[in-house]
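>>> below are the sequence and a predicted model; questions follow.
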Amino acid sequence: MSGQDASSQRRHDFFTHDPALAEDLDGWHDAPEPSWLTDDESERINGETAHIPAYDLGPATESFVVDLTGPQARVGAAAEPSRDSFDAARDATVSRHAAPAPAAAPAAFEPSPTEAVATPPVFVRSPPAERPVFDIPPVPKGSATNQAESLTAATILRSRKARPQSGWRKAVLNLTGGKMNLGLSPADRRRADLVTRARTPVIGCHRLAVISLKGGVGKTTTTAALGAMFALLRPDRVIAVDANPDRGTLIERVPRQSGATVRHLLEARDRLTRYGDVRAFTSQSATRLEVLASDSDPGASSALSEQDYRDTVDTLERYYNLILTDCGTGLLHDAMRGVLGLATSLVVVSSASLDGARSASATLDWLEAHGMEQLAKDAVVVISSVRPGGGIVDVMQLEDHFAARCRAVVTVPYDPHLEAGGILELEELDEETLDAYKELAAAVGEGFATRG
């Protein structure tokens, strides 16, 4: 018997001894052809000469089988990753604001076909994302009087009275050429306090949602005016996002500088690496407020979803300290799950009318009924006078009602500049209206210290 015949006999005995391997060998010819085989090789494999090569290493060794039909490694060239591998890697990367996985239904309970089980929608509040901990030393104060840190402006420089900003005190200061400074008036001190509260430092990124169950109550106007006030008073980057599932109008309150919408930002989010990239998708007002428009394509077949909003926030919070969201009028559409799940605080808008106040109060009822009692309790309510004249509505009664349920209530008077619905210019507002929005910014800003 030749060496090749002996090798074949030993291979036959080896597989006959192990029936499982023999069965696998029998089905080898039915396996699909590898994609890398050439036509000639394919014909050779399918021909009668096809066999599994075996190598005899001598009488002291067992024969072994080498399968040469698998993928061949390329020598001198790195394997190119396929598009599927890129997609798999992208899908495996979970956003820090990914939608919570739906809770699995209990396996023990199976209703009969005749029973109707109502499943109310569940709104899950996302847990606060962990902030990175940095080893930042405290501000040096100096433990001894002879250290350099003890020399501060408060201890060395002569203090000077703040200059009055309004009233007869300012007139006296001007008439005396600045020699007689009577200090700030009570009104000036109040305004200075409002500015200080509005400038409360933000811990992380603060996400503020402006909501209302009823349309036409000034929700978009409140978003634009509050955002403009924050952008004017604070050094942070402030952006307002139009999350209306239908055609939103927030972009009409600032000069339009970009035709992009939230949909374009989502399509390009994987390629954004710096603030200048994101800035190309937004429009900016004179106060530095940036606005990201809603999707207004009439050919769009789907509205902004929960995951779309979460991905948008995940992108924007890398570049902005304060994100305001102008929501739609409903609370049950898909995007609102993301808005309420990520909101750090809320502004609930009501008109100075009976139906508007009922809708705003019903909004708080809905939040409390869906496990968001603390979010409702910490909310700031805005009573917006969208029509001239006080009418017959007792606004003070409305203020008392909401003050008992929320952290703060601010009433914004009617202003003809706001009624026009065009580009918002703060300098065009009446002094009383401007003061009301400063008060609103202060009320919301007080929550920045404890919420990130």
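That came through fine.

>>> where in the chain is pLDDT low?
Filtered on pLDDT under 70, the chain yields the residue ranges 1-96, 99-132, 139-146, 149, 154, 158-159, 297-302, 389-391, 450-452.

>>> ok, which stretches of it are strands?
Secondary structure of the chain by DSSP state E: the strands cover 54-55, 64-65, 206-211, 238-242, 283-284, 290-292, 322-326, 345-351, 380-384, 408-412.

>>> tell me which of those sits nearest to residue 172.
Closest to residue 172 of these is strand 408-412 (CB to CB; 32.4 Å). In short, each C-beta sits where N, CA and C put it, glycine included.

>>> quick one: contacts of the closest one?
Outside of strand 408-412, the residues within contact range by CB atoms under 8 Å, 6 or more residues apart in numbering are 218, 222, 225, 352, 380-385, 395, 399, 402-403, 433, 436-437, 439-440, 443, 446.

>>> before we move on, back to that, distance to residue 263 and mean neighbour count for the strands of the chain - can I get that in TSV?
Shown next, in TSV, are these (distance: least, CB to CB, whole Å; neighbours: other CB atoms under 10 Å):
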stretch	distance to residue 263	mean neighbour count
strand 54-55	60	12
strand 64-65	56	12
strand 206-211	20	25
strand 238-242	11	28
strand 283-284	15	18
strand 290-292	10	26
strand 322-326	16	26
strand 345-351	25	25
strand 380-384	29	27
strand 408-412	32	22
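
>>> closest one to residue 179 among these?
Residue 179 lies closest, by CB to CB, to one member of the strands of the chain: strand 408-412, at 38.9 Å.

>>> tilt between that closest one and strand 345-351?
On the basis of axes from the mean of the first three to the mean of the last three CA atoms, to 10 degrees, strand 408-412 is oriented at 40 degrees to strand 345-351.

>>> tell me the strands beside strand 408-412, with direction?
Here strand 408-412 is paired, per DSSP bridges, with strand 380-384 (parallel).

>>> the inter-axis angle of the partner strand versus strand 206-211?
On the basis of the same axes, to 10 degrees, strand 380-384 is oriented at 40 degrees to strand 206-211.

>>> residue 134: which of the strands of the chain is closest?
strand 206-211 (18.8 Å).

>>> may I see the buried residues of stretch 309-322?
Using 16 or more other CB atoms under 10 Å as the test for burial, stretch 309-322 gives 309-317, 319-322.

>>> please name the nearest non-neighbouring residue to residue 304.
Of all residues not flanking residue 304 in the chain, residue 335 sits nearest, at 4.5 Å (CB to CB, 6 or more residues apart in numbering).

>>> OK, contacts around that neighbour?
243, 245, 303, 304, 305, 306, 308, 309, 327, 328.

>>> number of nearby residues for the residue lying closest to the last one once chain neighbours are set aside?
Going back to what we said before, that points to residue 328. Excluding the flanking residues, the one nearest residue 328 by CB to CB, 6+ apart is residue 244, at 4.5 Å. Other residues within reach of residue 244, judged by other CB atoms under 10 Å, total 26.

>>> residue 444 now?
Residue 444 has 28 neighbours, counted by other CB under 10 Å.

>>> wait, it touches residue 345, no?
Yes. Taking contacts as CB atoms under 8 Å, residue 444 lies within contact range of residue 345: 6.8 Å.

>>> any shared contact partners between these two?
Shared contacts of residue 444 and residue 345, defined by CB under 8 Å, 6+ apart, comprise 208, 380.

>>> returning to what we had before: tabulate the strands of the chain (TSV), appending distance to residue 269.
Converted to TSV, the strands of the chain look like this (distance: least, CB to CB, whole Å):
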stretch	distance to residue 269
strand 54-55	54
strand 64-65	50
strand 206-211	17
strand 238-242	14
strand 283-284	18
strand 290-292	12
strand 322-326	15
strand 345-351	25
strand 380-384	31
strand 408-412	35
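
>>> closest to residue 169 out of those?
Nearest to residue 169 among the strands of the chain is strand 408-412; the distance by CB to CB comes to 26.9 Å.
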